[in-house]
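Q: I would like to see how this sequence folds:
(4 chains)
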Protein chains: 4
Amino acid sequence: MEEKNGIVLAMFGTSVVKALPGLLHVREKMVEHFPETPVRIAFTSKIIRRIWQQRSEDADFLQTHLNIPAEILNVQGPLAAIANLQDEGADSIVVQPVHIAPAEEFFDLASYVEGLNSIHTVKAQQKPFVRLVLGRPALGTYGADYPYRQDIVTAAKMLSGDAGLAVQDKTALLYMGHGNKHYPSSGVYFEFAAEMRRQYPGSLTAMATIEGSPTIDDAISLLLENRIEEVVLKPFMVTAGRHALDDMIGGKPESLKNRLEAAGFAVRPILSGLGEQDEFARIFVQHTVDAAQDAGIHLR
Amino acid sequence: MEEKNGIVLAMFGTSVVKALPGLLHVREKMVEHFPETPVRIAFTSKIIRRIWQQRSEDADFLQTHLNIPAEILNVQGPLAAIANLQDEGADSIVVQPVHIAPAEEFFDLASYVEGLNSIHTVKAQQKPFVRLVLGRPALGTYGADYPYRQDIVTAAKMLSGDAGLAVQDKTALLYMGHGNKHYPSSGVYFEFAAEMRRQYPGSLTAMATIEGSPTIDDAISLLLENRIEEVVLKPFMVTAGRHALDDMIGGKPESLKNRLEAAGFAVRPILSGLGEQDEFARIFVQHTVDAAQDAGIHLR
Amino acid sequence: MEEKNGIVLAMFGTSVVKALPGLLHVREKMVEHFPETPVRIAFTSKIIRRIWQQRSEDADFLQTHLNIPAEILNVQGPLAAIANLQDEGADSIVVQPVHIAPAEEFFDLASYVEGLNSIHTVKAQQKPFVRLVLGRPALGTYGADYPYRQDIVTAAKMLSGDAGLAVQDKTALLYMGHGNKHYPSSGVYFEFAAEMRRQYPGSLTAMATIEGSPTIDDAISLLLENRIEEVVLKPFMVTAGRHALDDMIGGKPESLKNRLEAAGFAVRPILSGLGEQDEFARIFVQHTVDAAQDAGIHLR
Amino acid sequence: MEEKNGIVLAMFGTSVVKALPGLLHVREKMVEHFPETPVRIAFTSKIIRRIWQQRSEDADFLQTHLNIPAEILNVQGPLAAIANLQDEGADSIVVQPVHIAPAEEFFDLASYVEGLNSIHTVKAQQKPFVRLVLGRPALGTYGADYPYRQDIVTAAKMLSGDAGLAVQDKTALLYMGHGNKHYPSSGVYFEFAAEMRRQYPGSLTAMATIEGSPTIDDAISLLLENRIEEVVLKPFMVTAGRHALDDMIGGKPESLKNRLEAAGFAVRPILSGLGEQDEFARIFVQHTVDAAQDAGIHLR
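A: Next up is the predicted model:
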């Protein structure tokens, strides 16, 4: 029987209009690669979905924001995105997380997929899904099939452009990631920064996370040890959203920019998300290719 | 935090326009009882959903069927109905099966609810549902909280009107149920018919199922033993749908009407589903009340 | 890698020493068929396991009951039986229910198997089981692979000897099954009795269950309608245990024997369980063969 | 109804007799704290269980190893340990992992507990467990109730003795942990080492893992940067087992000792596992206290 399939791009989401390009660019790369497969965006954050819901009913907002895609104004959560694809006939679905690290959001999403896959019916053909699979985050996940270390190596390869921003003497590239104080996922941040330093010995790459480790203090120590004077500051996130605006360059004294300047560094912030970079966005496409291939799903 | 809730009425579905009243009447009773709670219809049959999907895009059909509610033209499956309610903010949902017996469809639906309830998240507030519960079919299900025998007694009570159709001498009421040759659920049909005979000794109630037991032969034997001459024939289903039209009164020799006439009975078919009867429809409402109450869901 | 496998025979259990032959005979047939496969008995009833546990520490009991197999004195529950087989190296296990009907106990056991099968590990070879499957009860279960109606036909075939007990005029065979007022499984009892009557038109087979339908009254009605005078009474259970002793022939007025005698029948009770009959015991062996075959488990 | 409970101490296991003290010492602390609660050891490694199984049947081994507890000779896997406790009447069980990090083994064990907890029965009292809960590893796990960072702080506090081994000038404490190249759990190792350095600024603590990050090279870099000359080398594991013997001080050139000596450091290995230290062993006891308390299990 003919397979009908689809892709759900699941991400935390953003309410910051200027941050949409990062997300939409990942979607664009996915659609370019699979022009005949429905691709749906899902925001996992209830709060952000509610903001867009209110905006979709707000005439003033709509008038002053003519270019926002309908899919964002009416953005769904992962359950509804998957279920509606299924309702339209798709029985083979890849859920691709647009996540950097395998952490809280990814494991929550994995539980969604596991729960939906646990649905069994008396007759096999009545099952809602023939195949429902989960791709892996940019920096990989556990398992021997795709060792996460290899995903870290690949991610670093795709960011040669970013490394090139810090080749000058006394200049470093500092990424600001999200992190999670309630999920022990800091390892991939430490390992990624080390891998950048390994692949690009001419540039110093440092990492600071907002909520976890490595901390801003860890990063500042590394920069001071290496006698850095200028710091190129980039979000280590798919989009330059709320966190980029507030935690990275915001006015409060604890913002990363202010902390760095207080420690004596010149700061050059770049307000773009990794999703806006073709090569990084394509990591998510490749992970979807992998998941589909392993499951025998023929995305086109 | 304020509870937002909803009800999903899940049923096999029907593509027969004339059969819609049975389903819609159950919905009506539910909305009457809970005027402030969203009530969504879900069809579990993929094939039937597809038929309505095609009709919703068919200008001719739409022109000649002006009274079909949008909710039927755009009818969703159970996963999408639940997920979209959740996406709209409902975190406490009762899934009420509009099923007669606890059989294949009901246990499939139970697996949906179980799968969705198995979704766990790192932070409790991120769970998609606070409470997602399943009501029970008209004739009940397993468990000690609501012994199915009591549900059978109640169902028989609600059908005194039907029993009244067979009070005349030599007249019997014959229900045609669906049954299932791959699901051993015949007991509730046997027990229900026996309970009707117990509650209404002045009328003889018999039962025949299309796919299981009791069989048409079982029913004919009972009628012959009791020297019945006239048979009032009613679907023992929520709607008088495809099966009623074909298997009960259809032209082929194996249709129940033709089998009965061949055996010498006069047949008086009544083409209405049990869902069209207020008292029977309210059974589903009561079961939703029970499920909500047990789960601490405050439907209004 | 070499498959190590095993069989767990799961049954409610009995504390009645005289009832053990029924259970042990099923085990015997299984071991005859698979002489090189470990076969373990598991009792699902906690109360009965506790009784045997106390007896295993009671010197008086042990002295006066020299022939009780160690496996009964130390009988385990299903979880321990499965887990200990697994601990001994068996990674492919068939759990064969020694149940008559697909009812409460069977569905509980199915949940055990489902829960154990849901255990997943980062590396596939770390999973506790390669294959853990469930056989079906004597009268089958839901699903299209082994339609339960066929299992009912087969069970009736295997009981030609029992039918032969009632060939005389005015004699009937009355089975006493367990039934369950909290689990709607009466259908298989109704259907089985009807199948016996179909296969053995020269004998009248009736069925009464202790806890459900058909009831003793149903059975007595059928016997009276057929002008029966003598009733051969047999337990429709694997063992002639507590229920046989008490509910079938016990001294209280409600016992089946007393009810029948009060209704005017002569009663000839036969105190043996179906498990003591080779052909019936082999049904469980065949179902284990089926489950193993479907799962690619090579029992020897 | 009276609660009967038990504790299962789950660990990878060891076949090295000299390494048993680490495991047994943890058990000792648990039994001291809960003298009236059964405490069972479970080894998760099939291979190691098989080695002990063979030894338990090897007369020569038994003669030359008179002091090995029966519980080790007959050691069970986690499923059998839990199931046999349950078979003995315990319906409330805490499974305490004797793991350092929340990584592959811990998440596998969590899946066991989740699978067993998913078993549901028609009647609630038939469920195998009233409460089956999982404690957390020494360095914690995800979740907001017990932030893993706090567990890291506590673990570092409990190892002041180890820090004291490196107070001399040019001396460092180097822990060798296991790590996992297929499970992204390196963060807790990085963070723990940083926390040791924070709590004990007078000693330099470094970390190297066998299979993951931080690597031996990472550790050597840190030691060289800090002009360390002598390295106190300790396993960052509960027992000084196979890995300590081989990977830490073994003869092959890649062993940590040989790598360090090749890099010019004097090495002082200490062959004891963290489980042998009272304060560290009590971490596992405290985590069991927490899990029991949260679940309302009254261990005594």
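Q: so what pLDDT did A:Glu2 get?
A: On pLDDT, A:Glu2 comes in at 68.
Q: let me fix that: A:Thr64
A: Here the pLDDT value assigned to A:Thr64 is 95.
Q: run a quick neighbour tally on it.
A: Other residues near A:Thr64 number 9, with proximity taken as other CB atoms under 10 Å in any protein chain shown. All C-beta atoms are positioned from the backbone trio N, CA, C, and that covers glycine.
Q: what's the longest helix in chain A?
A: Criterion DSSP state H: the longest helix present in chain A is helix A:278-295.
Q: quick one, helices of the stretch 1-150 of chain A?
A: A:20-33, A:46-56, A:59-64, A:70-73, A:78-87, A:104-117, A:148-158 (DSSP state H, counting those that start in this stretch).
Q: among these, which is the most enclosed?
A: Most buried of these by mean neighbour count (mean count of other CB atoms under 10 Å in any protein chain shown) is helix A:78-87; its value is a mean of 25.
Q: packing partners for that helix?
A: Packed against helix A:78-87 by the contact rule (3 or more CB pairs under 8 Å, 6 or more residues apart in numbering or on different chains; DSSP states H and E) you find strand A:5-11, strand A:39-43, strand A:92-97, helix A:104-117, helix B:78-87.
Q: what does it rub up against?
A: Contact partners of helix A:78-87, identified using CB atoms under 8 Å, 6 or more residues apart in numbering or on different chains, comprise A:6, A:8, A:10, A:38, A:40-42, A:44, A:76, A:93, A:95, A:109, A:112, A:116, A:128-129, A:132, B:49, B:76-77, B:79-80, B:82-84, B:86-87, B:116, B:128.
Q: does A:Leu109 touch A:Val133 like I think?
A: No - counting by CB atoms under 8 Å, A:Val133 is not a contact partner of A:Leu109; they are 11.7 Å apart.
Q: common neighbours of those two, please.
A: Looking at what touches both A:Leu109 and A:Val133 (by CB under 8 Å, 6+ apart), the common residues are A:Val95.
Q: tally of neighbours for A:Val17?
A: So A:Val17, with other CB under 10 Å, has 15 neighbours.
Q: need the residues of the stretch 101-250 of chain A near chain B, please.
A: Residues of the stretch 101-250 of chain A lying close to chain B by CB under 8 Å from any CB of the partner chain are A:104, A:107-108, A:111-112, A:114-123, A:126, A:128, A:182-183.
Q: near chain D too, which of these?
A: Near chain D, by the rule CB under 8 Å from any CB, you find A:Glu104, A:Phe107, A:His182, A:Tyr183 out of these.
Q: residues from the stretch 101-250 of chain A in reach of chain D?
A: A:101-102, A:104, A:107, A:139-144, A:147-149, A:181-191, A:194, A:212-214, A:218.
Q: what's the least confident helix or strand in chain A by mean pLDDT in contact with?
A: Sorting the helices and strands of chain A by mean pLDDT, DSSP states H and E puts helix A:242-243 at the bottom, at a mean of 78. Helix A:242-243 is contacted from outside by A:Thr14, A:Ser15, A:Val16, A:Ala19, A:Met176, A:His178, A:Ile210, A:Pro235, A:Met237, using CB under 8 Å, 6+ apart.
Q: tell me the two of those that are most distant?
A: A:Ser15 and A:Met176 (18.9 Å; CB to CB).
Q: more crowded one of these two?
A: Neighbour totals were compared for A:Ser15 and A:Met176, and A:Met176 leads with 26 against 17 (other CB under 10 Å).
Q: from the residues of the stretch 101-250 of chain A next to chain D, which would you call buried?
A: Taking 16 or more other CB atoms under 10 Å in any protein chain shown as the criterion, what is buried in these is A:101-102, A:104, A:107, A:139-143, A:147-149, A:181-191, A:194, A:212-214, A:218.
Q: among those residues, which are within reach of chain C?
A: A:Tyr142, A:Gly143.
Q: so the strand or helix carrying A:Asp218 versus helix D:216-225, what angle?
A: Element membership of A:Asp218 [criterion: DSSP states H and E] is helix A:216-225. Interaxial angle of helix A:216-225 relative to helix D:216-225 (axes from the mean of the first three to the mean of the last three CA atoms, to 10 degrees): 60 degrees.
Q: give me the next element, helix or strand, following helix A:216-225.
A: Next along from helix A:216-225, by DSSP H and E: strand A:230-235.
Q: what sits up against that following strand?
A: A:162, A:165-166, A:168, A:170-177, A:223, A:243-244, A:248-249, A:256-257, A:260, A:265-274.
Q: list only those of those residues flagged as buried.
A: A:162, A:165-166, A:171-177, A:223, A:243-244, A:248-249, A:256-257, A:260, A:265, A:267, A:269, A:272-274.
Q: from the stretch 1-150 of chain A, which residue is nearest to chain D?
A: Closest approach between the stretch 1-150 of chain A and chain D, counting by CB to the nearest CB: A:Tyr142, at 4.4 Å.
Q: and that residue, how far from D:Pro102?
A: According to CB to CB, to the nearest Å, A:Tyr142 stands 11 Å off from D:Pro102.
Q: the closest residue to A:Lys157 other than its chain neighbours - how many residues pack around it?
A: The shortest distance from A:Lys157 to any non-neighbouring residue, by CB to CB, 6 or more residues apart in numbering or on different chains, is to A:Gln199 (6.9 Å). A:Gln199 has 15 neighbours, counted by other CB under 10 Å.
Q: next up, the contacts around A:Gln199.
A: A:Val153, A:Ala156, A:Lys157, A:Ser160, A:Ala163.
Q: next up, the contacts around A:Leu139.
A: So A:Leu139 contacts A:Ile100, A:Ala101, A:Pro102, A:Tyr148, A:Asp151, A:Ile152, A:Ala155, A:Val188, A:Phe192, D:Pro184 (CB under 8 Å, 6+ apart).
Q: phi, psi for it please.
A: Main-chain dihedrals, A:Leu139, degrees, to the nearest 10: phi -90, psi 20.
Q: same check, this time on A:Ala206
A: Torsion angles, degrees, to the nearest 10, at A:Ala206: phi -120, psi 160.
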